[in-house]
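Structure for this input, please:
(2 chains)
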Amino acid sequence: MPYDWIEIEQKWQKIWCDMDIAAPSIDSNKKKYYGIFAYPSPSSFLHIGQLRGYTLLDMFLRLKRMQNYNVYFPCGTHATGIPSYGFVKKLESGNSEILKNLNYYGVNEETLKKLHSPAYAAEFLGESYKKSWKAFGMLVDTDSYAITISRGYNKFIEWQFRTLYKSGYLVQKPHFAPYCPNCGPVAVDPSESDLSRGGNAEMMEYTLIFFRTEDGFILPAATLRPETIFGVTNLWIREDAKYVIAEVGSMNWIIAMDSAEKFINQFDAKIVASISSRDIQSKKVKTPFTGNVIAIYESNFVEPGVGSGVVMSVPSDAPYDLVAVKDKSLDIDPIPIIRVEGYDKAYMGVFNGDLAAVNGVRSWNIESLADIRLEELTKLIYKIEYHNGILYKNCGEYNDCRISEVKDKIIDRLIKDRNGDKLYEFDQQVVCRCGTTVIIKKIRDQWFINYHNERIKNLTKEHIKKMTILPDEYKEELQSIIDWYDDRACTRKGNWLGTRFPMDSSWIIEPIADSTLYPAFYIVSRYINRGMINVEDLDDEFFDAVFLGKAYKGRINDKDLVKKIGKEFNYWYPLDLNAGGKEHKRVHFPVFLMMHTMVFDEHKLPDGLFVHWWVTERGGVKISKSKGGDLPFVLDAPKIYSADAMRMFYASVTPFSDLEWNETDVINFRNRLSQIWEFITGNNQHDDSLHYIDQWFERMIKRMVRIAEQHLINMKFREAMNIIYYNYFDAFEWYYARGGNNSTLIKFAKDTVKKMMLPITPHIAEELWSLNHDTILSTESYPSFEYCEENEIEYGELYIKRIYSDIAELIKLIGKKIEKVNLYIADEWKYGLYREMVDMFVAGRTPKISDFISRFTDVPGKKAAKQISAMIEFARHSTPVIDEYFILTDAMNLLERKLDVKITIIKGSDGNYTGSKKGEAIPLRPAIHIQTE
RNA sequence: GCUGGGAUAGCCAAGUAUGGUCAACGGCGGCAGACUCAAGAUCUGCUCUUGUAGAAGUCCCCAGGUUCAAAUCCUGGUCCCAGCACCA
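Next up is the predicted model:
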């Protein structure tokens, strides 16, 4: 009967659900294992790429269950922030894909209306995620489901932040953030949920350098290269732009009107008057550090909206400045300050000696400010000088310093001496949804989580050394990521979903900050979902009692219940494994670990991380949620290909690399499953006969069981799959081919492979098991056997296979009709030599051809040398000596049948040992003589 | 730029830690054949070059080096990918 995956998979999903086998239970006789995946944010339906990570974790946890661990595998969604706003936006714009997919969930008019609320949409999507997980056969406990915008979760986060506050891990300080003057704070990210333009913009950090006039004004020149201050010859402004006087504290700054908005938002500047460019040009200014008094000129390359509209001129290293100086025929000589080593001949001599701008403009033949190559040359000089440039002349105490090392020191010094400040600006225009240009605003009282804390960093880094982390290299990487971490803003203002900040309800807690301790909350969430606890009773006392073990004197009357939940927390915590995609390496995982260190003691810190990669579209294109339409919809895939085949596909390359969607592969896996189905359910006649090959097969089974288990436990899914779904059945077929037919052993072999199949393809494994058992395979134990090393029995079969392929190749080469094949087994004296070689290796010596050549008498010297070296190779790998005659005789039927020839086996001790090829025989490699007609 | 990863036959992709059993697992695609009403099916063989004796030659991004021996180790170079702070 053919394999009907749709019916069978749905049947088993229902059975697992009805029997509630994913439900956690405390059993002190069993070891526990607590695993989660980093919960997804509900911005649209899950797509088949995302299911990869979740099902890989499920495979791992299913094996853990079979290894008799008590497994807890809850789930949730992270709705904080703006993800579901994006969904609503797409829905409202009539996105056909979304409307089509909504049909899968039987959405009626009323629900459709409600979906315009982002909070409702988030909950709706969360429910759809549960369906997707189950449709892929995951044994996930949905009773513990948590969504981060629920009342219960809010209570939990409030507790977390009050706890942080009390411990001094929250700090307030100024912060620069993207801000729409009309709507408030916005997020600048490529998905552009808040924006109509500029999602890829980067925040540039300019240094403002204060040039003071004699009459008390400051011209703050904005630059990306503050280290070139030693080469400044003059300032530039723009003749036809409006300039204003801005009051900043007690200072009076002169800036371009077009830049004023930035200064208002970042420095609280007050515009008090305007000033003509002619007035500005009549002034002279003093340069910080050098004390040089310089003039101010105008040039039309100055952009009044960029920086401050005041530019410092460094003709030695800034091509624009040099060309502008020439343009105006000013009597100014560039001041050499930077030397670059090792690039004398590269880039057309730009870095030959000092004065890169002068060399560059000359060799590139640039004469006009309108030349577009100026931009390119500027970038080149910046890049090379930053990494290889040395301040070598006219730079005072900074002479002989590498620019990359000294730049930050110069900036710090400028700020410290009140000769400068920082100015932030986007590198491209960013426009809000509302149409207003987004600017960067200084937020004076931003709340941060103190991840910069050295003690927390050190404790976390120490703990990471003890963790199980896959892939291996991430363990090292994490150490440096933690070092690099700075305090992280944890609150924001604006229209977002999330928890109000308990210390100041005008703020909302930011999404990264509220997703660090949730594995603890799942344990409580289960009680909320089952109505055993009232959300309003979840106060700080409750969480302190459950999570921190403090005595409970709170409002819940049933004190035993609180005690019970606390006990469960202590049973399941610490978390054993957190599985998440590669994008979590630098954000989620580090703060997840550090937050645990801040809140819990060392015995509650997570034990494991698993970082996985995703499925991409063909050509390595990342699957975007909006564009998921090219791929099968997540609930269609199990029907088209079967969930089991999808799981095999996910497992088919290392988790630590992206996997390209390939429908052909999935179909092939599905066909393979059908084949296995036929193979196992086929009712061949077996008997009680015993054969030599029986013990080989039994040993193979036991070894493969062990190896597959080892692979799975190390997340080597591909390797495990090769053994379970391919090698195992190859061995099975070889067993049949060699005449094996023992019914007891065959039943054992079939039942064993069903168990091995369960973690990766649970549905078909469960169904096959149910054909001759009354139990649920998902709750059975993984087979466990004494490990058996490879020995002569296995080698004997390899020997047969090699002889088979050797004969087959020879027959092919000769290409004539074959009469018969003679196999000559090597003479006994050659075995003697072979054993000597093995002994030499055992004694740590390498046998040499010359040691043996004189004792070879049956073939010419050159051939003898070759044979000896072949024997040495066998001996090097300590290939065991087997009874070749016995094994060949036992396999003769098979060889004759498969090769369709008559075979004669001749022992070396046999008196009839003749024939042209007999001398070629060496131990473990008989001579083959093919007689043609 | 910073940090991490990578480059293997027409394509995808193992192998690299512990150098030799590597002309290099597996899959796709291609070719030939079997089953013969058909099949998005399955099975068998072939798929770098040469070859009527189990072999030889040339190969694992490029250039050097170490070694009896290198896809694997070392040095230098080129190219590609991912992540990068208020964004989940």
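
The helix or strand that A:Leu380 is a member of: what's the following helix or strand?
Under the criterion DSSP states H and E, the helix or strand holding A:Leu380 is helix A:373-388. Beyond helix A:373-388 in the direction of the C-terminus, DSSP H and E gives the next helix or strand as strand A:389-391.

can you give me how far that next one is from the chain middle?
Counting by C-alpha atoms, centre = their mean, to the nearest Å, strand A:389-391 is centred 38 Å from the centre of its parent chain.

What pairs with it, parallel or antiparallel?
Using DSSP bridges, strand A:389-391 pairs in its sheet with strand A:338-340 (antiparallel), strand A:401-402 (antiparallel).

Student question: in chain A, what's the helix or strand with minimum average pLDDT?
The least trusted helix or strand in chain A, going by mean pLDDT, DSSP states H and E, turns out to be strand A:621-622, with a mean of 70.

just to revisit the earlier point, least reliable of the strands paired with strand A:389-391 going by mean pLDDT?
Set side by side, the strands paired with strand A:389-391 show their lowest mean pLDDT on strand A:401-402, which sits at a mean of 80.

That one and RNA strand B, any residue contact?
No. When contact is scored as C-beta under 7 Å from any atom of the strand, no part of strand A:401-402 falls within range of RNA strand B; the minimum is 12.1 Å. The way it works is simple: take the backbone N, C-alpha and C, and place the C-beta from them, glycine included.

outside of that strand, which residues touch it?
Defining contact as C-beta atoms under 8 Å, 6 or more residues apart in numbering, one finds that strand A:401-402 is touched by A:389-391, A:395.

what does the strand or helix carrying A:Cys75 contact?
Of the helices and strands defined by DSSP H and E, A:Cys75 is found in strand A:74-77. For strand A:74-77, contacts defined as C-beta under 8 Å, 6+ apart pick out A:24, A:36-37, A:39-42, A:122, A:125-126, A:129-130, A:133, A:140-142, A:144-148, A:518-519, A:522, A:525-526.

mind listing what's buried in the helix or strand just after that strand?
As assigned by DSSP H and E, the chain's next helix or strand after strand A:74-77 is helix A:83-92. For helix A:83-92, burial by neighbour count (16 or more other C-beta atoms under 10 Å) applies to A:83-88, A:90-91.

Next one: the spatially most central residue of chain A from A:Leu57, what distance?
With the centre of chain A defined as its mean C-alpha position, the nearest residue by C-alpha atoms, centre = their mean is A:Lys582, 1.8 Å away. Distance, A:Lys582 to A:Leu57, using C-beta to C-beta, to the nearest Å: 15 Å.

cool, and A:Leu635?
Using C-beta to C-beta, A:Leu635 is found at 20 Å from A:Leu57.

can you pull the contacts of the residue lying closest to A:Ile449 once chain neighbours are set aside?
If you skip the residues right next to it in sequence, A:Ile449 has A:Cys490 as its closest partner in space, 4.7 Å away by C-beta to C-beta, 6 or more residues apart in numbering. A:Cys490 makes contacts with A:161, A:170, A:447-449, A:509-510, A:512-513, as judged by C-beta under 8 Å, 6+ apart.

at 7 Å instead, please
For A:Cys490, the contacting residues are A:447-449, A:509-510, A:513, taking C-beta atoms under 7 Å, 6 or more residues apart in numbering as the criterion.

Can you say which of those residues are buried?
Those of these that meet the buried threshold are A:447-449, A:509-510, A:513, by 16+ other C-beta under 10 Å.

Among the residues you listed, name the ones in strands.
The strands in this structure, assigned by DSSP state E, contain A:447-449, A:509 from the buried ones among the contacts of A:Cys490.

Among these, which pair sits farthest apart?
In these, the most distant members under the criterion C-beta to C-beta are A:Phe448 and A:Ile509, with 12.3 Å between them.

picking that back up, wait, which of the buried ones among the contacts of A:Cys490 is closest to RNA strand B?
Distance from RNA strand B was checked for each of the buried ones among the contacts of A:Cys490 by C-beta to the nearest atom of the strand. The minimum falls on A:Glu510, at 4.3 Å.
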